[in-house]
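S.K.: only geometry, no sequence info:
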Ligand SMILES: Nc1ncnc2c1ncn2[C@@H]1O[C@H](COP(=O)(O)OP(=O)(O)OP(=O)(O)O)[C@@H](O)[C@H]1O
Ligand SMILES: [Mg+2]
């Protein structure tokens, strides 16, 4: 069974009297353990599609299944709970909470679980170790480099051990060296930790790390153009 199954999804935004068709019948199947790069011009709907897969937003029509759950059928509260356990979201600009330390940021998604405080801390420290930042547990985001902030954000994304990770230009704000480190980490999460990954990127070198490249343009999804 495909881990992520998007079927005939349309997303239409209504602005005043205008309808903007962003996704026009998208189907995408991502098998368990796959690493997919999603490319396409600015405004083509890449973030919109990621948000649908992560259950942050709902399609106008069509089906989105993740790990066998029809995400579009869940109520807002069920969705929030489902999301916190089944998908990890990695953003371009990290989205860390500035007044919380690295380890406190990583613990946040665990507040929605039944884990005790010591267990939450233990899990957060494990995630921090996986991303190689054990020595930065007590640092605040402003005391970290961009690459380190993104690694903390990745630790936060994996702390509930979700099967699926979605990443929206995770290297978009980083220098080449830090970007390579983040991509190495994404590869490790895919290969060793068996995470299914859908990664939006503009960077062809980042896309090379994925096994499959898909291209979004004018509301539809194409296989990557030959030679791209
Ligand atoms: N909440 C919204 N209301 C109205 N229109 C929206 C909304 N969110 C996105 N859009 C429109 O949908 C289209 C796709 O946006 P989206 O953010 O998914 O593009 P993208 O491919 O991620 O672009 P980028 O590469 O610049 O991040 C854009 O034309 C945008 O203006
Ligand atoms: Mg985007």
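M.R.: Good, I have the coordinates. What you see is a predicted model, and the numbers here were worked out from it, not measured in a lab. Ligands and ions are numbered 1, 2, ... in the order given.
S.K.: alpha carbons only for contacts and neighbour counts from here, please
M.R.: Fine.
S.K.: residue 219 reaches residue 44, doesn't it?
M.R.: Yes - using CA atoms under 8 Å, residue 219 is in contact with residue 44, at 6.5 Å.
S.K.: identify the contacts common to those two.
M.R.: Common neighbours of residue 219 and residue 44 (criterion: CA atoms under 8 Å, 6 or more residues apart in numbering): residue 22.
S.K.: for this structure, give me the ranges with low pLDDT.
M.R.: Scanning the chain for pLDDT under 70 picks out the ranges 1-2, 224-228.
S.K.: mind running it again at 80?
M.R.: Within the chain, the stretches with pLDDT under 80 are 1-2, 223-228.
S.K.: near ligand 1, which residues of it?
M.R.: 13, 22, 41, 42, 43, 44, 45, 46, 47, 48 (CA under 6 Å from any ligand atom).
S.K.: in strands, which of these appear?
M.R.: Among those, the ones falling in strands (DSSP state E) are 13, 22.
S.K.: any chance of the residues of the chain next to ligand 1 in JSON lines, plus neighbour count?
M.R.: Listed next are those as JSON lines, based on neighbours: other CA atoms under 10 Å:
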{"residue": "13", "neighbour count": "14"}
{"residue": "22", "neighbour count": "20"}
{"residue": "41", "neighbour count": "12"}
{"residue": "42", "neighbour count": "11"}
{"residue": "43", "neighbour count": "13"}
{"residue": "44", "neighbour count": "19"}
{"residue": "45", "neighbour count": "22"}
{"residue": "46", "neighbour count": "24"}
{"residue": "47", "neighbour count": "18"}
{"residue": "48", "neighbour count": "18"}
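S.K.: farthest pair in the residues of the chain next to ligand 1?
M.R.: Maximum pairwise distance among these (CA to CA): 18.4 Å, between 13 and 41.
S.K.: where do the helices sit along this protein?
M.R.: With helices called from DSSP state H, the chain shows them at 46-53, 76-86, 102-107, 117-130, 146-158, 176-191, 204-207.
S.K.: mind listing what's buried along the last one?
M.R.: When neighbours are counted by 16 or more other CA atoms under 10 Å, the buried residues of helix 204-207 are found to be 206, 207.
S.K.: which residues touch stretch 210-226?
M.R.: When contacts are defined by CA under 8 Å, 6+ apart, stretch 210-226 is touched by residues 21-27, 34-41, 44-46, 207.
S.K.: kindly recompute the last result at 7 Å.
M.R.: Defining contact as CA atoms under 7 Å, 6 or more residues apart in numbering, one finds that stretch 210-226 is touched by 22-26, 35-41, 44, 46, 207.
S.K.: so which residue is dead centre in the protein?
M.R.: Nearest residue to the geometric centre of the chain (CA atoms, centre = their mean): residue 166, 1.9 Å.
S.K.: okay, and the beta partners of it?
M.R.: Beta-bridge pairing for residue 166 (DSSP bridges): residue 89, residue 198.
S.K.: list the residues that contact it.
M.R.: Residues in contact with residue 166 (CA under 7 Å, 6+ apart) are 50, 88, 89, 90, 197, 198, 199.
S.K.: what's around the nearest residue to residue 86 once chain neighbours are set aside, how many residues?
M.R.: Computed as CA to CA, 6 or more residues apart in numbering, the closest residue to residue 86 that is not its neighbour in sequence is residue 162, at 4.4 Å. Using other CA atoms under 10 Å, residue 162 has 17 neighbouring residues.
S.K.: next up, the contacts around residue 162.
M.R.: With contacts defined as CA under 7 Å, 6+ apart, residue 162 is in contact with 85, 86, 87, 88.
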